[in-house]
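# I would like the atomic coordinates for the input below:
(chains A and B)
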Amino acid sequence: MSLLELDDVKVHFPVKKGLFFDRTVGHVYAVDGVSLSIEAGQTYGLVGESGCGKTTLGRAVLRLNDITDGGVVFDGTDLAKLPGEEMRAFRRRLQMVFQDPLGSLNPRQNIESILSEGMAAHGIGKDQTERREKIKDILAKVGLPSNALSRYPHEFSGGQRQRIGIARALVLEPDVIICDEPVSALDVSVQAQVINLLEELQESLGLTYLVIAHDLAVVRHISDVIGVMYLGGLVEEAPSDALYAGPRHPYTKALMSAVPVPDPEVEDRRERILLHGDLPSPANPPAGCRFHTRCPWVQETKCATERPPLLDTGDGHKVACHFTAEIEAGTVKQTLATGIEAVTGTETVAAEAVEVSEGETEAPAADAPKKEPATVPAQADANAKEKETEAKAAEAEDTKKETADATETEAKAADAAEEASDATKKAEGSPKA
Amino acid sequence: MTILTNKADKIDRLAELTQSTESVSGSSLWREAFRRMRSSKMAIIGAAIIAAFILVAIVGPMLAPHGATAQNWRSEVFPNQGKFVGMRGENWFGLDHLGRDMFSRWLVGARQTLLVGVVSMLIGLIVGALVGVLSGAAATLGGKAGQRVDTVIMRFTDIMLSLPSLLLAVSIAAVLGQSLTTVMIAVGVVQIPIFARLLRGSMLVQGGADYVLAAKAVGIRRKRIVLTQILPNSLSPVIVQATLSLATAIIEAAALSYLGLGNPDPAVPEWGVMLSQAQRFFDNEPMMAAYPAVGIIITALGFTLLGEAMREALDPKLRG
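Below you'll find the predicted structure:
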């Protein structure tokens, strides 16, 4: 039994309109069916782009947002259905560290007051003297001087404020701490300190963390298991190393491909998947797979009609995609219609044309897709199995840079070489066929 | 050798200092605001004017050279013929239409004016703040039912705000009958919706702040969240408004007196009453109106200056 289990949690915010009486005209599906479980002592990292519902999910666990549906089972108790006062009592065991260290501290309370208030509310410590001793202990643990007690939040630096925020959670001796973007408001040099502090505290106090972040490096460093959220749902969940070594969901692949590699050569060669378009509105999420509007591998009908469940694909690596196996094996094509750009090659939505720098007039001929499969040997990677056009585009390093659409390609091709033009037109036709 | 011991002393002292860190005390928002206000010219001038006004109100009757109601020089003024007595050594501000010493009346009248201003402001502040807290607390933490309560209260204050303030005050004064208390209540009631709306709005803003969410997450009870988290952070605009509305209250009380709805005993001097009496003789003796008018203007200016200075001092953006 895991310490914290989320079962199909949904948080929908009603959108209201009306002059006199509020009519609900729709819902924002901030979190739409998330299930996950966190073992005691574990760190679960939740990543995703802005607006994907990760913060809302974190707050829903603490019932700071109303949970529309689903269960949050903490240590055998379903928090989602607890009445107010019982929930309040449970909050001692589930604490939160907020993103904005200054905003989450009352500017009119000094540190002692901020830290002791929660203790008083839960009846920890007999009197203020006892509480003060406890607070001093915790302050030492988080690396703050004991003279901080009588000071006010604005007198501290950003990193210190976040330590105060952590101390506020710790004085209640919680089991689980939900860290909502704990370091994103901090200077990079301070981020590491706070992350290390969180890790030390976990070791010494046996804490369980749910870390919400968008910084992939931070999450990788701190997490045991990582869940990737997209538009209110989990798309992939895997042990940290496995996820970074081999992301399986197209969205995760795109996300991971955005992380720069600290090696200029590798950085130059690595393939980047650039997603087209914006995050769809959570008020009107796409039917079927939430990601199908932007997925480079989107397939006919199934992706648009059926929402893929989060399924284990082996070794605890869970993916919510209909075509995980096929994408891994390379048996499905990258449908360019949704748009994918690789740094090395170039493909665009409209044209699917391979444009080659004009100096190498020879190249297009050699690369001419479809017509001459003989050129394929040059591309001995997974892409080879895809439609030749795309494969070439993604792989061929000599065809760097230019993105072109059909007209451009044709015009240029006409100038450069007739062969190229032919090839382009054929390439254009082929995916549709 | 001496240098060395000196050094040792210094080190000891340093150690002492680092040990005795308990004595370091933080500066709260209010303390800092006060520190900033002390260096603000506006605040000092405002405070000086108010202090002078309060001083006059307290000791004025003792300083008055003549009786405020005694018509000592009745035989010297003939209002019907337009004959008045202006400034002279014996009567600094001259005489009014009944031959009373204007300077004495002005000094004595300050007390009444201050009383009306402060009491009616307090009525508005206290009742308005209560309504505002109720509404704000209901809206931020009361859930759906709370929001309904808030809506009802706010529509009611909207109705009150939509009436012209003087008209409302006049109607209240007319209903309650002519007395000093009536003036205070009438002027105070006019201020209630202003304070209520202001505090409620301020509480709504603070209610959405992260630290309120944090307090909720920590498990603090709702009543306590309102009292220790939201309310203290919402009060500063209300306090600024209080100083500003003191000026308005004095002017409005004067207006009521001017309309004849003030203190029924015309013999008791009050700046508003004096102003209304002077109106009849404005053509012949404008100075009679000038003294109480200048008194009201300067006092209102004092409160306004202090209020503005407070607003600036309490602005969190200016905190260094």
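# could you point out which element follows the helix or strand containing A:Lys10?
Assigned by DSSP states H and E, A:Lys10 belongs to strand A:4-17. Sequence-wise, the next helix or strand downstream of strand A:4-17 (DSSP H and E) is strand A:23-38.
# didn't A:Arg163 look like it was pressed against A:Leu197?
Yes. Assessed by CB atoms under 8 Å, A:Arg163 is found in contact with A:Leu197 at 6.9 Å. All C-beta atoms are positioned from the backbone trio N, CA, C, and that covers glycine.
# what's the overlap in contacts for those two?
A:142-143 (CB atoms under 8 Å, 6 or more residues apart in numbering or on different chains).
# between the two, which one's more packed in?
A:Arg163 (26 against 18; other CB atoms under 10 Å in any protein chain shown).
# so how many other residues sit close to the nearest residue to that one once chain neighbours are set aside?
Excluding the flanking residues, the one nearest A:Arg163 by CB to CB, 6 or more residues apart in numbering or on different chains is A:Val142, at 4.4 Å. A:Val142 has 22 neighbours, counted by other CB under 10 Å.
# And for the one 5 residues further on?
By the other CB under 10 Å criterion, the neighbourhood of A:Asn147 contains 17 residues.
# Chain B contacts on chain A?
Proximity of chain A to chain B, by CB under 8 Å from any CB of the partner chain, involves residues A:59, A:62, A:64, A:88-89, A:91-92, A:95-96, A:98-100, A:103-111, A:117-118, A:121-122, A:145-147, A:149-152, A:154-155, A:165, A:168, A:172.
# Counting only strands, which of the residues you listed make the cut?
A:95-96 (DSSP state E).
# show me the residues around the residue minimising distance to the centre of chain A that make contact.
Centroid-nearest residue in chain A, with CA atoms, centre = their mean: A:Gly48, separated by 1.9 Å. By CB under 8 Å, 6+ apart, A:Gly48 lies in contact with A:54, A:214, A:228-230.
# try 10 Å this time
A:54-55, A:57, A:212-214, A:227-235, A:251, A:255, A:279 (CB atoms under 10 Å, 6 or more residues apart in numbering or on different chains).
# With B:Ser135 instead?
B:142, B:146, B:149-154, B:156-157, B:196-197, B:199-201, B:203-204.
# Point out where chain A drops to low pLDDT.
Residue ranges of chain A with pLDDT under 70: A:1, A:18-21, A:335-433.
# Surely A:Val9 touches A:Gly71?
Yes. A:Val9 is within contact range of A:Gly71, at 7.3 Å (criterion: CB atoms under 10 Å).
# and for those two, which residues touch both?
With CB under 10 Å, 6+ apart as the test, A:Val9 and A:Gly71 both reach A:35, A:80.
# Specify which residue of the two has the higher count of neighbours.
Counted by other CB under 10 Å, A:Val9 and A:Gly71 do not tie: A:Val9 has more neighbours, with 24 against 16.
# Report the buried residues of the strand holding A:Lys10.
Within strand A:4-17, the residues scored as buried using 16 or more other CB atoms under 10 Å in any protein chain shown are A:4-7, A:9-13.
# so what strands line up beside it?
Here strand A:4-17 has these sheet partners by DSSP bridges: strand A:23-38 (antiparallel), strand A:69-74 (antiparallel).
# nearest to A:Pro309, of those strands?
Among the strands paired with strand A:4-17, strand A:23-38 comes nearest to A:Pro309, with 9.6 Å by CB to CB.
# Alpha carbons only: can I get the lengthiest helix in chain A in CSV?
Longest helix in chain A by number of residues (criterion: DSSP state H): helix A:188-205. Extracted in CSV, the C-alpha atoms of helix A:188-205 (Å, rounded to 0.1, in the frame of the first residue of the first chain):
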residue,chain,number,x,y,z
VAL,A,188,20.2,29.4,-10.0
SER,A,189,23.0,29.4,-7.5
VAL,A,190,20.4,29.2,-4.7
GLN,A,191,18.3,26.6,-6.4
ALA,A,192,21.0,23.9,-5.8
GLN,A,193,21.2,24.8,-2.1
VAL,A,194,17.5,24.5,-1.6
ILE,A,195,17.3,21.2,-3.6
ASN,A,196,20.1,19.8,-1.6
LEU,A,197,18.4,20.9,1.6
LEU,A,198,15.3,19.1,0.5
GLU,A,199,17.3,16.0,-0.1
GLU,A,200,19.1,16.1,3.2
LEU,A,201,15.8,16.6,5.0
GLN,A,202,14.3,13.7,3.2
GLU,A,203,17.2,11.5,4.4
SER,A,204,17.2,12.6,8.0
LEU,A,205,13.4,12.8,8.5
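# Give me the packing partners of it, helices and strands only.
Secondary-structure packing of helix A:188-205 (3 or more CB pairs under 10 Å, 6 or more residues apart in numbering or on different chains; DSSP states H and E): strand A:43-47, helix A:128-141, helix A:158-170, strand A:176-180, strand A:208-212, helix A:216-222.
# Flag every buried residue along the second one.
Within helix A:128-141, the residues that count as buried by 16+ other CB under 10 Å are A:131-132, A:134-136, A:138-139, A:141.
# Kindly report the same for stretch A:71-90.
Within stretch A:71-90, the residues scored as buried using 16+ other CB under 10 Å are A:71-75, A:79-80, A:82, A:87-88, A:90.
# and what of stretch A:172-184?
The neighbour-count check on stretch A:172-184 (16+ other CB under 10 Å) flags A:172-183 as buried.
# Next, the distance between the ends of it.
Counting by CA to CA, to the nearest Å, you get 24 Å between the two ends of stretch A:172-184.
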